[in-house]
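**Q** sharing a model that was predicted from the sequence below.
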Amino acid sequence: MKQLLKQVFNSQKHLIRLLLPLVTIILAVSLFVTPALATGVYQMPNLVANDHTWIVDQGEIISRLNEGKIGSVLENLAKQTGNETRIVTIRRLDYGETPESFAKALFEKWFPTKEAQANQTLLVLDTVTNGTAIITGDKVKSLLTDSIAESVATETLSAPLRDGNKYNQAFLDASDRLVAVLSGNPDPGPPKIADKVQVEGTFKKAGETDRGNATAWVVGLLIAATVIPMATYYIYQINQPSSDG
């Protein structure tokens, strides 16, 4: 019986020795995966002279069909008026960054001088929070005033997102409004929002999902913090010479 127990203890000891490195690796990866998904301005591609890149969809939320449609109308806008508009989506902001600070830094990276910025408009969306920001150059402000630009970002772009994260519809609506205004046409204004009866949804919002993920990580870390010391102590105990000889 004593020999059998010793064999069981030895088996458990080897199993724990195998599992400890695995648990350590999993914990290490879990701590660094989320920051790795964040996007900083330094990670954004550079623009070169006469760059016809109108959409940078790092959030991967715009369909290829709609990306082509939007890119085409923004290309025509640039050819006809000289006013250029670019749309950027990102998955997650760096810690401490906001859509506004990111958009401003990217605007200055892409267009470092007042002359280069003059006819530019940059619209940014963070897909984790659905936060938006818009930056405009001095010359376009005569058409795209600060109040209209703010309305585009917070109303035209955001309305379809509040109605079920309809990203494609959001950018189609926003680009249509921007093109109209920057072409010198009357501002069509923000979308009319019809009152709807609030029905409890079955999908979590982005913020709720983040909180759920954060809770899961905290619970996992607490469990690991409990299990690893216990396992280490257990190994220590079974490695001690038996008093029975």
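**A** Yep, that arrived.
**Q** what residues are up against residue 93?
**A** By CB atoms under 8 Å, 6 or more residues apart in numbering, the contact list for residue 93 reads 38-39, 99, 102, 126, 128, 131. All C-beta atoms are positioned from the backbone trio N, CA, C, and that covers glycine.
**Q** could you tell me how far it is located from residue 103?
**A** 10 Å (CB to CB, to the nearest Å).
**Q** from residue 161, how far out is residue 142?
**A** Between residue 142 and residue 161 the computed distance is 29 Å (CB to CB).
**Q** neighbour-wise, which of those two wins?
**A** residue 161 (18 against 8; other CB atoms under 10 Å).
**Q** look up the closest residue to that one, ignoring the ones flanking it.
**A** Once flanking residues are discounted, residue 161 sits nearest to residue 130: 4.8 Å by CB to CB, 6 or more residues apart in numbering.
**Q** what is the neighbour count of the one you found?
**A** If we define neighbours as other CB under 10 Å, then residue 130 has 18 of them.
**Q** mind starting the numbering at 33 from now?
**A** Got it, first residue is 33 now, which makes that one residue 162.
**Q** which pLDDT value does the model give it?
**A** With respect to pLDDT, residue 162 has a value of 96.
**Q** swap in the one 4 residues further on?
**A** Predicted confidence (pLDDT) for residue 166: 98.
**Q** next one: residue 138
**A** 96.
**Q** surely it and residue 155 touch.
**A** No: if you go by CB atoms under 8 Å, residue 138 and residue 155 don't touch, sitting 10.9 Å apart.
**Q** between those two, which contacts overlap?
**A** residue 120.
**Q** of those two, which one has the most company?
**A** residue 155 (25 against 22).
**Q** mind checking which helix or strand the more buried one is in?
**A** In the assignment (DSSP states H and E), residue 155 maps to strand 152-158.
**Q** now residue 84
**A** For residue 84, there is no host helix or strand (DSSP H and E).
**Q** what's the end-to-end length of stretch 158-174?
**A** 27 Å (CA to CA, to the nearest Å).
**Q** swap in stretch 155-171?
**A** 17 Å.
**Q** what's the answer for stretch 190-199, then?
**A** 9 Å.
**Q** which residues are in contact with it?
**A** In contact with stretch 190-199 (CB under 8 Å, 6+ apart) are residues 93-94, 121, 157, 159, 162, 164, 201-202, 205, 222-223, 225.
**Q** okay, domains of the chain per the record?
**A** 34-69+246-271, 82-214 (automatic domain parsing).
**Q** between the two ends of the last one, what distance do you get?
**A** The one in question is domain 82-214. End-to-end span of domain 82-214 (CA to CA): 19 Å.
**Q** next secondary structure after the helix or strand of the chain with the lowest mean pLDDT?
**A** For the chain, counting by mean pLDDT, DSSP states H and E, helix 34-69 ranks last in confidence among helices and strands (a mean of 53). Using DSSP H and E, the helix or strand that follows helix 34-69 in sequence is strand 87-89.
**Q** each with direction, which strands does that next one pair with?
**A** Strand 87-89 sits in its sheet next to strand 116-122 (parallel), going by DSSP bridges.
**Q** so where's the chain shaky on pLDDT?
**A** 33-69, 226-277 (pLDDT under 70).
**Q** so what's the residue count around residue 207?
**A** Neighbours around residue 207, by other CB under 10 Å: 26.
**Q** element containing it, please.
**A** Using DSSP H and E, residue 207 falls in helix 199-214.
**Q** do the same with residue 191
**A** Per DSSP H and E: helix 190-194 holds residue 191.
**Q** pull out the buried positions in that helix.
**A** For helix 190-194, burial by neighbour count (16 or more other CB atoms under 10 Å) applies to 190-193.
**Q** cool, and stretch 181-197?
**A** So for stretch 181-197, counting by 16+ other CB under 10 Å, buried means 181, 183-185, 187-193.
**Q** next: stretch 123-133.
**A** Applying 16+ other CB under 10 Å to stretch 123-133 flags 124-125, 129, 131 as buried.
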